[in-house]
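# make a model of this:
(4 chains)
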Amino acid sequence: MTAKPKLAFYWAASCGGCEVTITELGMRLVDVSEQADIVFWPAAMDFKYDDVRAMKDKEIDICFFNGAIRNSENKEMAHLLRQKSKCMISFGSCSHLGGIPGLANLFDIESLCQRVFDTTPSLDDSRGTRPQKQTLMPEGEVDLPELYDQVKCLSDITEVDYFMPGCPPVVDQVWKVFTAALNGDLPAKGSILGVDPKNVCDVCERDKGEPSFRIKEFKRPHEVSLDQEKCFLTQGIICSGPATRAGCGTPCLQGNMPCRGCYGPAEGIIDQGAKLASAIGALIDTDDPEKLQVILDTMTDPAGTFYRFGLADSIMNKMKYE
Amino acid sequence: MSHSIMIRTFADEVKSIPGGEHLELCYSCGTCVSKCMIQQKVEPDYNPRRLLRLAIMDLKDEAFKSPTTWMCSECDLCYQACPQEIHISQVIAAVKKLAVEAGYTSPLTPVSVDEELCSGCGICVMVCPYEAPSLYEKEHNGDLDRLSEVDANKCMRCGTCVGACPLGAIAREGVSNTEITSQFGYVIPHNPLLVAFVCDWSLREDADVSLLESYPEDQVKIVHIPCTGRIDPQHALMALDSGINGVLVCGCKPGECHFKRGNHVAKCKISLLDAMLKQMQLNDKNIRLVQIGTQERGRIKYEVDDMLSTLKAPKEAIA
Amino acid sequence: MIEQSHQPENEELRIGVYICHCGSNIAGVIDPKEVVAFAEGLPDVVHATDTLYACADSGQRLIKEDIEKHKLNRIVVSACSVRMHEPTFRGAVAEAGLNPFLMEMANIREQCTWAHGHDREGALQKSMDLTAAAIAKTRFMTPLDMIDVPVTHKALVIGGGVAGISASLDLAEQGIETILVEKEPTIGGVMSQLNKTFPTMDCSI
Amino acid sequence: MVDAARQPRIDVRAFTEVEKVEGFVGNFKVTLREKAKHVLADRCNGCGDCAKVCPIEVPNHYELNLAPRKAAYVPMSQSVPLIYSIDLDACIHCYKCVEACGSLEAIDFSQEDKIVEEDIGAIVVATGFSHFDPSVMEEYGYGRFPNVITSMEMERLNNSAGPTMGNLIRPSDRRNPQRIAFINCVGSRDKRYIPSCSNFCCMYSIKNAVLLKQMNPSVDITIYYMDIRTPSKGYEEFYDRAREMGIHFIQGRPSLITEDEATHNLFVHSEDITLGRVIENEYDMVMLNQAAIPQPDQNHMSSVLNVAQSPGGWFMEYHPKLRPIDSPTDGIFFAGACQGPKDIPSSVAQGSAAASRASRILLSERWEIEPIVAVVWPERCTATTKGRACGLCVKACPYGAVVIEGDKAAEIITAKCHGCGGCVAECPEDAISQLHYTDAQLLSQIRALLADKPEEKILALRCHWCSYGGADLAGTSHFEYTANERGIKVMCSARMDSDFIYEAYRLGAGAVLFSGCHPQDCHYITGQIIGAKRAVRLKKIFERMEMTEGRFRVEWISAAEGDKYARVLNEMQDVLDKMSPEQLQEEIARLKPEMEKRLKRFPGVPGVPEAMLYSDNLVDAILKSKEIA
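Next up is the predicted model:
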């Protein structure tokens, strides 16, 4: 009997949602643990980094790495796990495209810190706190992870074998990938796993747009009573579905919320936000520059909307940081 | 009280279609012909005045076969200029409607839809100024697949749908995604300072076209597009990313778009892109949209020179 | 002061009715003979006929002869607008010795056949009704005399351009005192601003 | 010009405007405003010394602002009369002119406008025309491209008496242009601006082309045209001459002019229709042949003179073929372009024609006017019945032709009465009648018109001057409208008695139109206002009766608004079509007693009982006769 494959799970800069997805496998996790050994999973069990460091290179068969690279700890662990794993899977939107943390790249680090430590409404008053690299504890001076001025995707700093998008990746797709991985059925390296062909619109059941439909005003979902049957765009709600890869099973749409784009750009799209701007920009109804500005002003945060999950992976991001 | 008018002639038929009523007001002054750029740029036999004449003289077959019937893109520049206030494009549309009913088909090659890529998202249906695309359902592996199809008699080849299609499922010969991206950027060893996406209709004067073409390749690369509605902000970003310093999008002045609204589409897209670049604290001046009026002879050279002289790499401008 | 004149007591009304074809202008839409037949059935109409051109010499002569022949004392002409030919027909009946204000016109051209060219039946009905209304009016018409007023022998010409100067000269040369008013500081108008004028290419001033 | 000044019986009053015209044929009273020139006409000898010393220069409007003039000026050296003016808007009060004038003492800064009244027998209106401003046609760039000029600017630029002494230069660089394009029909024959043909421009541009070619045979001239219209004697031959001289003619209306920014040369884009090909030619200068338009103050003059305007704004003649010189008002005549664009020969001919029409009156001792005046039945006036005249007739009369002396019944001064009929309709006792438009006459007409299927009919009361003319124009233009209209004519909306309208509804009329002139066009000064007040009252009454909206309609339709007349009637037909026959009959029946109540006193009017009796018979005869026919 061959040894059971070894699995590792790690979370870098992320919310933990990806970890929850794995726990959502529920009883199926038992099947997993029968077929494989989970050797590292800090979110669920007590493992130390030193345990990983003690492993041989490539000892881990598959590492599921979620979260973006925000600080030196994320980066160090990414390199370490890469070294110890045969197969590295970039798991979830943050690791894949930067995700929500990636939106921090719209700002410089100082203004982010100001917001967090000085001007957040929940603060009574600012104490001018800033993250430090070293801090003095009773036990002595401790090194703290360094905050980077840029959020990166996992693939930006290390080689990644597979990508698995989603915020979080939906549980059925996770199970499919687990099964495939355990059965050794993974496709060619570099592939995107746990996804379906084409875009969200392809699987969306809603009534599509009519000829000559134009958007006169952008609205946010809470501002209107949304029609369950009609395409969100025709209701003036920005939906990222056209530029977003299918695979999620459309839980948002079924919950009567527009697609937010977490599965990343569909095949053939180079830059998700720019493509969305190209598709949705073509729907704006105006021939008057002033009116156009008024319509654009109804969109509070275009970059945050079109690049909600993909900013750190965008061309604009490259232009800014390279 | 309405009086039904007897339809005896082809001219009567045209006049009975809404928009065709004023056919016989035409006194053949030729304003429409010279206001329009189709004869000058594309088709020497294109002549709205003559089409109206063919209709008035009941020369039905010739009217149906005339390129004018099929090539009018309803930009309505001639309507604004017509001293008889004839809505010429609607008269032509009336002739075209009769031609289609009589089984004639457009000689133009429409945009094509790749069924393998199309997701049936309906964006093309919404953006087309001519209502050419529509969605239909087709059986595919036992499922009904929703797909877009294009009415060849309606498509005017502006490419607005090509620019908007998220999956690159729609192509128009000459300006498919690959045909555009192969002209500059990552694939080219030495990129120019400036890439200019130039709408073929925005430069009325031949003199201006030759002026633009006189720039050396290492300074300005011209990408010809049928309409600025075709542009894709992705391509602009790719250009900058690949080391080109500036992107100029050159289209027609508001109200003068050859394809009804492509210039507005371009304005919307570029405005959105500008807004995002600003949010990203990047210099939005390196992507510029200019909209040139029919009377603005020589402006393109001024705009290109101005841009060349002020070009800065986007990163230098980070605040 | 003018007195309200009255119809002579017990005057027998003898109305003559003329329906004009006006070539095809009227007859191209309605059949004037049908209106004639209709008019013949109305009270006090002693003579009704159609005529190709009522305003032509022959038409006027017909009316004048009929007045004599049928002893007509009211005339109705269904033809064109009063703005066109009322003076003509007033003149015609006056020449036949009838008071011109005993003639009434019905406008069945401008306000009927020309305006309802595609509704022949409607136009016919309207022609009949308009003719009947004119007949009805003549029943209560009385002879009237023109009012005589004095004349000031002085002309005013407004505008000192080429037309105004020409009018002023012609008036003055007939011995009429003429005031020529021009709002600009000089007369001459547009003409004086022109260089030579066509077709003789002579100087404009 | 000089002849006019020399002719002793012509009193030239330049710098003078007509303020008011009252009265009637043979007896007009005209108020003139002689504008202050600040120079005494009887002292100024035209020497021009004042202008020589005047330090102020302003653009000379007479030279199309291409040249300056002084604040002390005559517009041109050949001005008639040659009397200088001081332009106070420009004057800085340095009084150098006073000094220069010296002992002549012709300059008087205290001079003010003078109001003069004149008794006039007949009036010739020859107010001329103005020019279309081509700067609104952006496609030709006038006002933006310096070398695009108008035809009037061209006149001054090649005139030896003009600012360049006849040396034609182009404004951008003062060079002599070698290649010149003329564009015809700029603004004219253009539904967006002036739909009509301006009559003389074809010949006019040929004239200028010939002139320029004569001055400099090497100049290259192209005329862009749609049609060349040379209908008068000698004109076609002149056109031939121009072609032989080598002037180019291109049939094709230019759609666009562009300019080279550096050279200011112009590119004219047009189709050469004969070739069917788009052409683009370069020129040094382009002349736009502007459309002729009515004078800017034509509307004002139309109100002052009380004459109507045709579509397009020109003064409207009595009849385009038969009485082209007469205005609809007896004693007022039109000459020249104020009635429509005309060339010089036609204007001169019309001046003579107008003089001849006017002298018919002016050379007569007396003149006859129509006796359609008001007359009073003194026994019905409240002065007689109640001992005191109510005076409503006096208030209604725009001419002061109704007088009440002491306790005597109202009396009409016939010479002053214009016959609008306002007092007739306003008299609450029905004590006044109008000759030729008596209640009995109008009532019998109404009953005859509504004899057959009244519920389908639209009774249209129209005034003689405007709405009847509008209805005529609808017909002349073949604007088709419902044949259910039944028109009746009175002289003015002031005559449209409420009783006629009640009677029409009592008889079961489907709808009634109350239509007269626009207030400013009224032929009887304030007649329309009297009619309009009554119409508003009636409207309210019918509203209270809950009559279906649109069955009574009040519209002001001018003689030029044939399209409006047709539209209004068709809209009224739509109102009737929207009601079911039962609904309409029910409403007519419901309102009949209301109408009868209001018509209580009507049968007491002299003539009305007879008219009622007569028309009852007539209605029977009409129905029977229609059946047979």
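
# what ranges in the chain fall below the confidence cut-off?
You didn't say which chain, so I picked chain A. A:1-2 (pLDDT under 70).

# actually chain C
C:1-10, C:203-205.

# show me where it has its helices.
For chain C, applying DSSP state H gives helices covering C:24-27, C:32-40, C:57-69, C:82-95, C:120-139, C:162-173.

# A strand includes residue A:38, no?
Yes. If the criterion is DSSP: H, G, I helix; E, B strand; the rest coil, then residue A:38 is within a strand.

# with adjacent residues omitted, what lies nearest to it?
residue A:7 (5.0 Å; CB to CB, 6 or more residues apart in numbering or on different chains). From N, CA and C alone the C-beta is placed, and that goes for glycine too.

# mind saving the C-alpha coords of the helix or strand hosting the one you found as CSV?
Using DSSP states H and E, residue A:7 falls within strand A:6-11. Taking Å, rounded to 0.1, in the frame of the first residue of the first chain, the C-alpha atoms of strand A:6-11 are listed here in CSV:
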residue,chain,number,x,y,z
LYS,A,6,0.1,14.6,2.2
LEU,A,7,-2.0,17.8,2.1
ALA,A,8,-1.3,21.2,3.5
PHE,A,9,-3.6,24.2,3.8
TYR,A,10,-2.4,27.7,4.5
TRP,A,11,-4.0,31.1,4.7
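
# how far off centre is the helix or strand that that strand is followed by?
Downstream of strand A:6-11, the next assigned helix or strand under DSSP H and E is helix A:17-24. Centre-to-centre, helix A:17-24 and its host chain are 14 Å apart (CA atoms, centre = their mean, to the nearest Å).

# tell me the buried residues in the strand or helix carrying residue B:301?
Assigned by DSSP H and E, residue B:301 falls within helix B:299-310. Buried residues in helix B:299-310, counted by 16 or more other CB atoms under 10 Å in any protein chain shown: B:299, B:300, B:301, B:303, B:304, B:307, B:308.

# who touches the closest residue to chain C within the stretch 101-250 of chain D in this structure?
Per CB to the nearest CB, residue D:126 is where the stretch 101-250 of chain D lies closest to chain C, at 3.4 Å. Residues in contact with residue D:126 (CB atoms under 8 Å, 6 or more residues apart in numbering or on different chains) are C:157-161, C:163-164, C:167, D:334-336, D:338, D:351, D:354.

# picking that back up, mind checking how far the residue nearest to residue A:38 is from residue D:479?
88 Å (CB to CB, to the nearest Å).

# next: residue A:304.
61 Å.

# next: residue A:294.
43 Å.

# next one: residue D:199
Taking CB to CB as the measure, residue D:199 falls 25 Å from residue D:479.

# number of nearby residues for the residue in the stretch 101-250 of chain D that chain B sits nearest to?
Scanning the stretch 101-250 of chain D for the residue nearest chain B gives residue D:190, at 3.8 Å (criterion: CB to the nearest CB). Around residue D:190 there are 23 other residues, counting by other CB atoms under 10 Å in any protein chain shown.

# so for the nearest residue to it once chain neighbours are set aside, what's the pLDDT?
Excluding the flanking residues, the one nearest residue D:190 by CB to CB, 6+ apart is residue B:83, at 3.8 Å. At residue B:83, the model reports a pLDDT of 95.

# sorry, back to before: and residue A:7 and residue D:479? Which one has more around it.
residue A:7 (24 against 18).

# in the sheet, who's paired with that one?
Per DSSP bridges, the residues bridged to residue A:7 are residue A:38, residue A:62.

# quick one: contacts for it?
Applying CB under 8 Å, 6+ apart, the residues near residue A:7 are A:32, A:36, A:37, A:38, A:39, A:60, A:61, A:62, A:63, A:64.

# now those in JSON lines, with neighbour count?
Shown next, in JSON lines, are the contacts of residue A:7 (neighbours: other CB atoms under 10 Å in any protein chain shown):
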{"residue": "A:32", "neighbour count": "19"}
{"residue": "A:36", "neighbour count": "18"}
{"residue": "A:37", "neighbour count": "14"}
{"residue": "A:38", "neighbour count": "17"}
{"residue": "A:39", "neighbour count": "20"}
{"residue": "A:60", "neighbour count": "24"}
{"residue": "A:61", "neighbour count": "20"}
{"residue": "A:62", "neighbour count": "22"}
{"residue": "A:63", "neighbour count": "26"}
{"residue": "A:64", "neighbour count": "29"}
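
# now flag whichever of the residues you listed is closest to chain D.
For the contacts of residue A:7, the nearest to chain D is residue A:64 (65.4 Å; CB to the nearest CB).

# that closest one: what's it in contact with?
A:7, A:8, A:9, A:10, A:22, A:89, A:91, A:164.

# rerun at 7 Å
Contact analysis of residue A:64 by CB atoms under 7 Å, 6 or more residues apart in numbering or on different chains lists A:9, A:89, A:91.

# any idea how far the first one lies from residue A:81?
I take that to be residue A:9. From residue A:9 to residue A:81 the distance is 10 Å (CB to CB).

# residue D:626 now?
Applying CB to CB to residue D:626 and residue A:81 gives a distance of 106 Å.

# and those two? Which one has more around it.
It is residue A:81, of residue D:626 and residue A:81, that has more neighbours when counted by other CB under 10 Å, with 24 against 19.

# burial count for residue 193?
As the question left the chain open, I've gone with chain A. When neighbours are counted by other CB under 10 Å, residue A:193 comes out with 22.

# oops, wrong one, chain D.
17.

# residues in contact with it?
Contacts of residue D:193 by CB under 7 Å, 6+ apart are D:132, D:187, D:291.

# ok, now residue D:475?
Here residue D:475 is in contact with C:109, C:110, C:111, C:114, C:115 (criterion: CB under 7 Å, 6+ apart).

# can you tell me the element it falls in?
helix D:467-476.

# tilt between that helix and helix C:82-95?
Orientation check (axes from the mean of the first three to the mean of the last three CA atoms, to 10 degrees): helix D:467-476 against helix C:82-95 gives 110 degrees.

# okay, buried residues for helix D:467-476 please.
Buried-residue list, helix D:467-476, by 16+ other CB under 10 Å: D:467, D:468, D:469, D:470, D:471, D:472, D:473, D:474, D:475, D:476.

# how close does residue A:108 sit to chain B?
8 Å (CB to the nearest CB, to the nearest Å).

# mind checking how far that residue is from chain D?
Taking CB to the nearest CB, one finds residue A:108 at 44 Å from chain D.

# cool, residue C:79 as well?
If you measure residue C:79 against chain D using CB to the nearest CB, the figure is 13 Å.

# equivalent analysis for residue A:11, please.
Residue A:11 is 64 Å from chain D, by CB to the nearest CB.

# can you list the domains in the chain?
Going with chain A. Per the record, chain A has its domains at A:6-100+A:148-182, A:115-147, A:196-321, by automatic domain parsing.

# my question was about chain D, not that one.
Using automatic domain parsing, the domain parsing of chain D gives D:2-120, D:130-293, D:439-605.

# which elements pack onto the helix holding residue B:301?
If contacts are counted by 3 or more CB pairs under 7 Å, 6 or more residues apart in numbering or on different chains; DSSP states H and E, helix B:299-310 sits against strand B:194-199, helix B:206-213, strand B:246-252, strand B:287-292.

# dump these into a markdown table; add mean pLDDT as well.
A markdown table is the format used below for the helices and strands packed on helix B:299-310 (pLDDT from 0 to 100):
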| stretch | mean pLDDT |
| --- | --- |
| strand B:194-199 | 94 |
| helix B:206-213 | 90 |
| strand B:246-252 | 95 |
| strand B:287-292 | 94 |
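
# wait, which of those is closest to chain A?
Of those, nearest to chain A by CB to the nearest CB is strand B:287-292, at 9.8 Å.

# helices and strands around the closest one, which ones?
Against strand B:287-292 (3+ CB pairs under 7 Å, 6+ apart) you get strand B:246-252, helix B:262-279, helix B:299-310.

# chain C contacts on the stretch 51-200 of chain D?
Taking CB under 7 Å from any CB of the partner chain as the criterion, the stretch 51-200 of chain D approaches chain C at residues D:62, D:74-76, D:78-80, D:85, D:118-128, D:152, D:155-156, D:158-159.
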